[in-house]
Every structure is written in structure tokens, then in C-alpha cells.
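> Got a sequence here, can you model it:
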Amino acid sequence: MSVPLLEIKDLHVQVEGKEILKGISLRVEKGQVHALMGPNGSGKSTLSNTLMGHPKYQVTQGQILYRGENLAGLKTDARARAGIFLAFQYPTSIPGVSVANFLRTAMKARFGEAFQPKEFRKTFKAAMAELGIDEGFATRYVNDGFSGGEKKRHEILQMKLLKPELAILDETDSGLDIDALRTVAEGINHLRGPELGILLITHYQRILNYVQPEAVHVLINGQIIRSGGKDLAHELEAKGYAPYEVLKEPPKEIVSK
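Residues are numbered from 1 along each chain as shown. Take a look at the predicted model:
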């Protein structure tokens with residue numbers, strides 16, 4: 001039996017003494033896209049930050065296994081170097097740092113001695129061309145004055161160059177108009193492949209019209225209370241989260257796969 005790329009076992013997390021995640025279990029294999037859906041305040045961003053090792057989020061019970069290894073005690077930068085990537089809901093601007101310089105530094109940190117500075121410009125330009133990004137993007141300051149769509153496209157460009165094994169996309173569709181959403185979805189689909197596992201965290205079903213997941217999970221009050229196929233996302237779109245919010249404990253027959 002193969003070792004899953006990401007395996008979360010009975011994960012409990014608290015922030016400032018308050019329990020937010022209350023026993024999450026989830027498996028993501030390489031080559032799969034898993035969508036995690038839930039209303040505001042359900043714990044979606046808490047999960048993404050915990051997976052990335054944010055020190056504010058304290059694991060009180062359970063395990064996070066990445067390629068079979070426990071991530072406990074591993075700092076954020078070490079997780080990133082190991083191939084875990086987090087796309088933020090609200091990417092931070094970095095005035096004075098160009099996109100090209102930012103990505104060159106990130107690639108050096110990710111790949112170490114395998115990084116070839118002489119090849120960077122060629123690789124960088126090729127990646128922008130494949131994603132339909134204008135070359136003028138390279139000299140702009142990171143997320144400074146970017147539109148919502150440009151910020152998300154920049155993260156897709158990061159993913160392409162950094163080649164993560166696990167990508168956590170935290171509400172990457174937030175605040176996008178329909179054209180920007182389609183562009184970002186095309187970028188995600190461009191990067192899909194047998195070596196990449198994706199946890200796509202979203203509030204709405206609309207991005208799943210373009211990015212087809214292998215599984216959909218419903219997160220309510222810090223617990224995954226239902227898992228299913230892509231049809232589950234359409235059910236949520238039609239009925240909303242209200243039918244699930246009355247459930248305090250996950251039904252026994254529902255198992256996250």
C-alpha cells in the first residue's frame with residue numbers, strides 16, 4: 001500500500017486557547033485535487049495555516065503526515081523547502097522587491113545547490129509565456145498595486161517555478177471576477193499532474209466548474225461532516241451549508257477518504 005502524500009489524523013487545533021479544529025482526518029494522494037468547502041468561520045484557513053506550520057496555531061492532538069513523515073516541530077520554511085506550498089487568500093504586497101528577484105530567491109531556497117542562476121531567466125520567461133503573463137510583470141513589485149486576479153496569477157507562477165508536491169490553495173477564488181476566476185482556474189489545471197497533490201479550500205462552488213476535484217469535503221464547526229464526489233459541491237450550491245450546520249458531530253457512516 002502506497003504512502004499518501006498528505007495524511008491528517010484526528011487533528012485538533014486551538015488558537016489562543018480556543019479549539020477551532022475538532023478532529024479532522026483526511027488523505028490526499030499525489031495527482032489528486034481535494035476540495036474543502038465550508039462557511040466562514042468553519043476552520044478552513046486554520047487548517048491551511050496549521051499545515052504550513054504557523055506558530056499561532058497549536059496542535060493539541062493528532063498528526064499531520066507528509067510523505068509518511070510527521071510534520072510536528074518542522075518550521076514553515078522547512079515545510080516550504082520540502083515541497084509544501086500555500087497560496088494565500090490575501091497575498092501580502094512587498095514594495096521594493098521585484099517579482100523576478102522574489103522568485104529567484106525563493107527558487108534558491110527551495111532547490112539549494114540544484115538551483116542554476118544562469119538558467120533562471122530562461123526558465124522564468126518560459127513559465128510566464130506558458131501562463132500567458134506579460135514580461136513586464138517581472139519588474140513590478142510583488143503584489144504592489146496588483147489587481148486581485150494578478151495576485152492570484154502571481155501565485156500560480158510561483159507554483160510553476162517552485163514545483164511543490166503539495167499545494168494548499170486557501171480561497172484562491174476569493175474576490176475574483178468571472179474572467180480572473182477562469183484565468184486562475186486555467187493556471188491550476190495547467191499545473192495538475194501525477195506528482196502534485198492539491199487541497200483546494202473554497203467557500204463557493206464556482207471554481208469547481210473549472211477545476212474538477214476527485215473529492216469534496218464539507219467542513220463545519222471544525223469537523224469534516226461529509227465527503228463525496230464533485231456532485232456534493234453542486235448540492236452545497238443548491239442547498240447551502242444550513243442543513244449541515246445543525247450537526248454537532250460527524251455521522252459515523254461518513255469517513256473522509
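> Please work out the average pLDDT along stretch 52-63.
The pLDDT scores in stretch 52-63 average 96.
> Give me the buried positions along that stretch.
Across stretch 52-63, burial judged by 16 or more other CB atoms under 10 Å covers 52, 53, 57, 59, 62. C-beta: built from backbone N, CA, C; applies to glycine.
> Can you tell me which of these lies closest to residue 106?
Residue 106 lies nearest to residue 52 out of the buried residues of stretch 52-63, by CB to CB, at 14.6 Å.
> I'd like the distance between residue 100 and residue 147.
Look at residue 100 and residue 147: by CB to CB, to the nearest Å, they are 19 Å apart.
> the more surrounded of those two?
Neighbour totals were compared for residue 100 and residue 147, and residue 100 leads with 19 against 12 (other CB atoms under 10 Å).
> Show me what residue 169 bridges to in the sheet.
residue 87, residue 200 (DSSP bridges).
> At the geometric centre of this protein, which residue do we find?
Centroid-nearest residue in the chain: residue 168, 1.5 Å away (criterion: CA atoms, centre = their mean).
> can you tell me how far residue 127 sits from residue 39?
35 Å.
> Contacts only, for the residue lying closest to residue 155 once chain neighbours are set aside.
Leaving aside its chain neighbours, residue 155 sits nearest to residue 87 (4.3 Å; criterion: CB to CB, 6 or more residues apart in numbering). By CB atoms under 8 Å, 6 or more residues apart in numbering, residue 87 lies in contact with 152, 155, 158, 159, 167, 168, 169, 170, 172.
> in what helix or strand does the closest residue to residue 152 other than its chain neighbours lie?
Leaving out its chain neighbours, the residue that sits closest to residue 152 by CB to CB, 6+ apart is residue 184, at 4.7 Å. Here residue 184 sits within helix 178-191, counting by DSSP states H and E.
> Going by neighbour count, list what's buried in that helix.
Result for helix 178-191 [16+ other CB under 10 Å]: buried residues 180, 181, 183, 184, 185, 186, 187, 188, 191.
> so can I have JSON lines of these showing distance to residue 221?
Below are these laid out as JSON lines (distance: CB to CB, whole Å):
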{"residue": "180", "distance to residue 221": "31"}
{"residue": "181", "distance to residue 221": "28"}
{"residue": "183", "distance to residue 221": "34"}
{"residue": "184", "distance to residue 221": "29"}
{"residue": "185", "distance to residue 221": "29"}
{"residue": "186", "distance to residue 221": "34"}
{"residue": "187", "distance to residue 221": "32"}
{"residue": "188", "distance to residue 221": "28"}
{"residue": "191", "distance to residue 221": "32"}
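> Where does pLDDT dip in the stretch 101-250 of the chain?
246-250 (pLDDT under 70).
> Quick one: the strands in it, in order.
141-142, 166-170, 197-202, 215-220, 223-228 (DSSP state E, counting those that start in this stretch).
> got the contact list for the fourth one?
Right, strand 215-220. Identification of contacts with strand 215-220 by CB under 8 Å, 6+ apart yields 24, 26, 32, 34-39, 42-44, 47, 208, 224-230, 232-233, 236, 241, 244-245, 247, 256-257.
> do the same with the second one
Under the criterion CB under 8 Å, 6+ apart, residues 5-6, 28, 44-45, 48, 51-52, 66, 83-89, 159, 188, 191, 196-201 lie in contact with strand 166-170.
> Can I have the buried ones of those as a ChimeraX selection?
Buried residues within those, by 16+ other CB under 10 Å, are selected in ChimeraX with:
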select :5,6,28,44,45,48,51,52,66,83,84,85,86,87,88,89,159,188,191,196,197,198,199,200,201
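> how about the strands of the stretch 101-250 of the chain in a markdown table, adding distance to residue 122?
What follows is the strands of the stretch 101-250 of the chain, written out as a markdown table (distance: least, CB to CB, whole Å):
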| stretch | distance to residue 122 |
| --- | --- |
| strand 141-142 | 21 |
| strand 166-170 | 24 |
| strand 197-202 | 27 |
| strand 215-220 | 37 |
| strand 223-228 | 43 |
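> Appreciated, that's everything.
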